[in-house]
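S.K.: could you look at this predicted model? Sequence included:
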Amino acid sequence: MVGEIVRFIKVLPVFILSSLYCYFIASKFSKAKLRLLSLLPVFSIFVVLPLYFSSILFTSSVGLFVTWLTTFKLLLFTFDSGPLASNPPLSFPLFASIAFFPTRTKHNKTTPHDQKSLPKLLPLNLPTKVVILAILILGNSYIDLVCPNNVKSWINGATVYFYLDVVMSLSNVFVQSTFGVEVRQPFNEPYLATSLQNLWGRRWNLLVSETLHSTIYKPIRYKVGMPRWVAVVTVFVVSGLMHELLYYYMVRANPTWEFTWFFVIHGVCLALEIELKRAYEKKWQLQRAVSTLLTTMFTGTTTLWLLFPLMLKTLA
């Protein structure tokens, strides 16, 4: 682990130089195509950067937060859109922080996801989440000894959830306290999801959801003019491919496409759910408890089938 921390310190200048280049040079190109061409060297560096690390923690974190999210934020910036585009322009420290930290800042206009309040069951604060994450990590070796594989898989899944939530929440704390900007929560109790649309759009990893919506869904739906279901399924295909890339960084082996199939299945089912809601929601609605149970069963079944075997193999 010490060696990985040293490697991370060594690549910090890459993040700083990339930020300087994007802010002071690439941003000067007014045309989207020229700005995109100017950013290709940065994207190339981000793609190979996780390969510099060897631990699952660092490769997956750099792969998710930099190779995926920072690249997509810069893609939006290419077209003067997304969290990095602002009029007047952001200061350089704020630009670099939003680019590289997994944080969601509030826009001037409230998004649909923020307008509708969602019920809460366990509104855990950040210190509580940190304690839970520490217990899960410290107890990992004991869990491996006493727990069967199915239980171990669920515990590992909970560890991933709390790790992402804690890292993103700490990023929010840093950005908000340093720059005084408003931020939004990264997760919203995904275990209370009442539908796939509710799960993926309003509860699970909202930074990724928002990024995919801006970079994939909106251009396909409104620029290209494709049907809603095509845009939805495409978003999930892209998400699946990005998860395959993250898995490759962690194991350095050819993909077996379980991640892609997981997200394709969820994308197709979500597109079908949206169309059924448009046609029948006013006539026939399920009770919240029933819809939550059905969503949990479907998500749990597909996770056990496609994702948990990979998780056990990776962490073995």
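M.R.: Done, it's in. Everything quoted here is computed from the prediction, not taken from an experiment.
S.K.: quick check: the closest residue to Trp229 other than its chain neighbours vs Asn205, distance?
M.R.: Distance criterion CB to CB, 6 or more residues apart in numbering; nearest residue to Trp229, sequence neighbours excluded, is Ala271 at 3.9 Å. For every residue, glycine as well, the C-beta is placed using N, CA and C. Taking CB to CB, to the nearest Å as the measure, Ala271 falls 19 Å from Asn205.
S.K.: now for the residue nearest to Trp229, how many residues are close by?
M.R.: 22 (other CB atoms under 10 Å).
S.K.: and it, what's its pLDDT?
M.R.: Listed pLDDT for Ala271 reads 96.
S.K.: mind listing what's buried in the helix or strand where it lies?
M.R.: In the assignment (DSSP states H and E), Ala271 maps to helix 258-280. Residues 258-260, 262-267, 269-271, 273-274 are the ones in helix 258-280 that count as buried (16 or more other CB atoms under 10 Å).
S.K.: now swap in stretch 49-68 and tell me
M.R.: Buried residues in stretch 49-68 (16+ other CB under 10 Å): 49-50, 53, 58-68.
S.K.: which of those residues fall within strands?
M.R.: Of those, none are assigned to strands by DSSP state E.
S.K.: need the residues you listed in JSON lines (columns: pLDDT).
M.R.: Shown next, in JSON lines, are the buried residues of stretch 49-68 (pLDDT from 0 to 100):
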{"residue": "Leu49", "pLDDT": "96"}
{"residue": "Pro50", "pLDDT": "96"}
{"residue": "Phe53", "pLDDT": "95"}
{"residue": "Phe58", "pLDDT": "94"}
{"residue": "Thr59", "pLDDT": "95"}
{"residue": "Ser60", "pLDDT": "94"}
{"residue": "Ser61", "pLDDT": "95"}
{"residue": "Val62", "pLDDT": "96"}
{"residue": "Gly63", "pLDDT": "96"}
{"residue": "Leu64", "pLDDT": "96"}
{"residue": "Phe65", "pLDDT": "96"}
{"residue": "Val66", "pLDDT": "96"}
{"residue": "Thr67", "pLDDT": "97"}
{"residue": "Trp68", "pLDDT": "97"}
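S.K.: and the helices in the stretch 101-250 of the chain?
M.R.: 112-115, 126-138, 140-146, 149-179, 196-202, 206-212, 218, 228-251 (DSSP state H, counting those that start in this stretch).
S.K.: weakest of these in terms of mean pLDDT?
M.R.: Of all these, the minimum mean pLDDT falls on helix 112-115 (a mean of 46).
S.K.: quick one: contacts for the closest residue to Trp261 other than its chain neighbours?
M.R.: Distances taken as CB to CB, 6+ apart put Leu306 closest to Trp261, at 6.0 Å, once the chain neighbours are dropped. Neighbour list for Leu306: Glu258, Phe259, Trp261, Phe262, Ile265 [criterion: CB atoms under 8 Å, 6 or more residues apart in numbering].
S.K.: any idea how far the closest residue to the second one other than its chain neighbours is from Thr260?
M.R.: Spelled out, it's Phe259. Once flanking residues are discounted, Phe259 sits nearest to His243: 3.9 Å by CB to CB, 6+ apart. Plainly put, His243 is 8 Å away from Thr260 if you go by CB to CB.
S.K.: now swap in Phe101 and tell me
M.R.: Applying CB to CB, the value for Phe101 to Thr260 is 28 Å.
S.K.: quick check, central residue of this protein?
M.R.: Centroid-nearest residue in the chain: Val208, 3.1 Å away (criterion: CA atoms, centre = their mean).
S.K.: that one contacts Leu69, correct?
M.R.: Yes - between Val208 and Leu69 there is a contact at 7.1 Å, judged by CB atoms under 8 Å.
S.K.: give me the common contacts of these two.
M.R.: Counting by CB under 8 Å, 6+ apart, Val208 and Leu69 have no contacts in common.
S.K.: how many residues are close by Tyr222?
M.R.: Using other CB under 10 Å, Tyr222 has 10 other residues around it.
S.K.: and for the one 5 residues further on?
M.R.: When counting by other CB under 10 Å, one arrives at 12 neighbours for Pro227.
S.K.: quick check: phi and psi on it?
M.R.: Here is the backbone geometry of Pro227 (degrees, to the nearest 10): phi -60, psi 160.
S.K.: then Lys33?
M.R.: phi -60, psi -40.
S.K.: residues near Ile135, how many?
M.R.: Neighbourhood size, Ile135 [other CB under 10 Å]: 12.
S.K.: oh, that last question was meant for Phe187, not what I typed.
M.R.: Quick note: Phe187 (other CB under 10 Å) scores 17 neighbours.
S.K.: pLDDT at it, what is it?
M.R.: In this model, Phe187 is scored at 93, pLDDT.
S.K.: I'd guessed it sits against Leu164; true?
M.R.: Yes - the pair Phe187 / Leu164 is scored as a contact, 7.4 Å apart, by CB under 8 Å.
S.K.: who touches both of the two?
M.R.: Common neighbours of Phe187 and Leu164 (criterion: CB under 8 Å, 6+ apart): Asn205.
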